[in-house]
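[1] Just to be clear, the model below is a prediction. Sequence and coordinates:
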Amino acid sequence: MTGPVPPYISDNRGAMHMGGGDLNYMAFFADAADRSRKARLASIKELDWLRQRFVHPPGYGQAYDILRTHRTLLLDGAPGSGRSTAAKVLLRELSSGGERFHELSWDDENGKYRVEPDLIGDDDRVWLDLSRADERIWQALQDDLSSLRKRVDQHGALLVVVLPARGSETLWPQFGPLHSWIDRPSTLEVLRRHLRLEGVPGAATSPQPAFLSTDRPILEIARFAGFVRKAYENATGTGYPDWYKAAERASTGRGPEVATVVSKLRFGPQRALLLATAMLHRAHVDHVYSAATALLETVDYADDRHSLERSDLIESLRDIGAELDADRHVRFTDLGYDAAVRTHFWHNMPGLRDGIQRWVATMIDHPDLDAKERDELVIRFAEQCLHSMHLPALVDSVAHWTKGPKPYHRQLAADRALRSALSVEEHGRFFRRQIYDWATDSHIPEALAQVIIIICTEVIAVTHPDQAIVRLHHLARRESRTTDARSALLGMVDGDPWMRRQLLARLTKLPTVGKQWERDVDLFLGLADPAAFTAPGTRNRPLIAEAEVRKMLTEGWRRAFQERGEMDWKTGLRQWLQMAFQDDRYRDVLIGVLVAGGEQRGDVLARLYSEARALPRSITESREQYAAFIELILQKIFAVQGIQVT
């Protein structure tokens, strides 16, 4: 191809929008709790996937015994030995599956290095990955280790801390019994395990490839196994020597080879077709041609030659080393070549990066692409941005896609890009911080806010539930036209006592600086479901049995009574009174919280008393129980008012 080709639609699949107006891709958040539960189940399946492919390294048994005995393990090992994966597998092997698995953060939103013990709940399985922390951070965090251990023991949790490089050299003596070192597992056994589970025949006796002649991080070996499977599926050669050769070429990069090819493609349309093929690898040829044409238009390339003077389809593809399969999908003949082409254009042609960003934005809305092709385009673009120097490019793209009108495809693209970014451990912290910055922006576009709501509920809540609460809380405080963040936040904590307690603490904590948010009162009234606070939690211990929780509930009701009118809190008040009458186990504390909350308001206490007397007859069938109930309320009201009754 050496010239533009008119775009046209060959098929349509996925979501369609017929007619005018916007198609909003996220509309309902009432099922946030269900989505969070499904996401947690998916996370458990992912841990089981890791466990199946995990080869126990030397030292694993000792690490297992330390964790089982002391409930805290300080895991050490050489970089690339699979320490982070070992930490997760250890926690999974010492669990029944019903526990919460999540990662602890070692920096807060103010840039301070500390770990909050309260983030560990009953029976939690948590890990703290310090593999990328420096000496200064490690020394600061050792101060928190004792309080973390105490919390772990009190709540029957398990904690694995992945130490930084050379962290054991400055380990405090009292933590020595918790320290354990693992060596690298057999790399050939790791490869064979992956190949077997990838369905490659003869994996158990597969020979050792030259690829393993040098030390490779475990993650690279897993990636190499994936390329071997692709070589087998593509019928590349006749056995392991050929499959290994193809996989090694794909794994080690083909930069010089691609650079040579690009240097020989002197015309813009040829290079546009090469990049479009790489970004839409295995897409339908019509869609690849439309994308190449759109790229030329985006970068203002002009070609006035007549179409009869340009190369035909087959010749154009042959020039860039691509071919058509039986379904007229475009593919490169060599394994891994598409990734190498993408890397070459992004990293070696910096003047084209802005054009590529604009082109991807154009293609997201392009009618030719189906849902799968659009997703893969976005994911491949995100992969190029996931390097320390280019992270802002992905941030800018997500922000751009979600400005103005809210078409379905742009929101979905932003969602896919952020999921890709958050899945990379090296950059997860950066993007969680970026999502925090967006969530605290009072002028955030509604489309971006909706994307963040889903990302918090389905992604961040699984690995960092505390951070999901913080980000959704900031959104809920600021939203004006919708209540999506509020619904998602309250739905996410529904059925989860630990998350409910965390949110309650945020809503009732008096700020040391800044203002109190009026919206927090509304959120509290939505959160203060008496059935949830009296329900048996983990270990059959309801939240309201905790003195600290009762204190926070009292503060929440105090603010509600002071800052909201009766119409706002009357429904919640009636629910508490009904629960107090029906459940004599917690009657005293439920009434005590309400009365203490209204202590400074005589009119509120009078309303509390009158609402109690007006309980429906179906609830107050027993005259004796009813009389005792009213008497208890009067006693508590008199007590807070300093009235002594003889």
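    Everything's here; your move.
[2] show me what contacts residue 400?
    Applying Cβ atoms under 8 Å, 6 or more residues apart in numbering to residue 400 gives the contacts 357, 361. (Each C-beta comes from the backbone N, C-alpha and C, glycine too.)
[3] chain center to the one helix or strand it maps to: distance?
    Mapping residue 400 onto the secondary structure by DSSP states H and E places it in helix 391-401. Helix 391-401 sits 17 Å away from the centroid of its parent chain (Cα atoms, centre = their mean, to the nearest Å).
[4] what do you get for stretch 208-220?
    Relative to its parent chain, stretch 208-220 has a centroid offset of 30 Å by Cα atoms, centre = their mean.
[5] mind checking how far the closest residue to residue 397 other than its chain neighbours is from residue 49?
    If the residues on either side of it in the chain are set aside, residue 397 comes closest to residue 357, at 5.7 Å by Cβ to Cβ, 6 or more residues apart in numbering. Remark: distance between residue 357 and residue 49 (Cβ to Cβ, to the nearest Å) = 33 Å.
[6] cool, residue 67 as well?
    Distance, residue 67 to residue 49, by Cβ to Cβ: 21 Å.
[7] Look at the two and report which has more neighbours.
    residue 67 (23 against 11; other Cβ atoms under 10 Å).
[8] Quickly find the element holding the more buried one.
    According to DSSP H and E, residue 67 maps onto helix 60-70.
[9] for that helix, packing partners?
    strand 72-77, helix 83-93, strand 179-182 (3 or more Cβ pairs under 8 Å, 6 or more residues apart in numbering; DSSP states H and E).
[10] Domain ranges for this structure, per the record?
    Here the domain parsing of the chain from automatic domain parsing is 56-182, 187-251, 263-384.
[11] what's the span of the last one from first residue to last?
    It refers to domain 263-384. Start-to-end span of domain 263-384 (Cα to Cα, to the nearest Å) is 21 Å.
[12] Would you mind measuring from residue 580 to residue 551?
    In terms of Cβ to Cβ, residue 580 sits 18 Å off from residue 551.
[13] element containing the closest residue to residue 582 other than its chain neighbours?
    Closest residue to residue 582 apart from its sequence neighbours, by Cβ to Cβ, 6+ apart: residue 619 at 6.8 Å. For residue 619, there is no host helix or strand (DSSP H and E).
[14] quick one: residue 619 and residue 580 touch, right?
    No - using Cβ atoms under 8 Å, residue 619 is not in contact with residue 580, being 10.5 Å away.
[15] More neighbours: the two, which one.
    More crowded of residue 619 and residue 580, by other Cβ under 10 Å: residue 580, with 25 against 14.
[16] Hmm, residue 591 and that one touching each other?
    Yes - applying Cβ under 8 Å, one finds residue 580 in contact with residue 591, separated by 5.2 Å.
[17] what bits of the stretch 501-646 of the chain have low per-residue confidence?
    Residues of the stretch 501-646 of the chain meeting the criterion pLDDT under 70: 511-515, 617, 620-621, 644-646.
[18] would you list every one of the helices in it?
    Using DSSP state H, counting those that start in this stretch, the helices of the stretch 501-646 of the chain run over residues 519-527, 530-534, 547-563, 566-582, 587-597, 602-613, 623-641.
[19] With distance to residue 489 added, can I get these in TSV?
    Formatted as TSV, the helices of the stretch 501-646 of the chain follow (distance: least, Cβ to Cβ, whole Å):
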stretch	distance to residue 489
helix 519-527	7
helix 530-534	14
helix 547-563	15
helix 566-582	17
helix 587-597	22
helix 602-613	27
helix 623-641	32
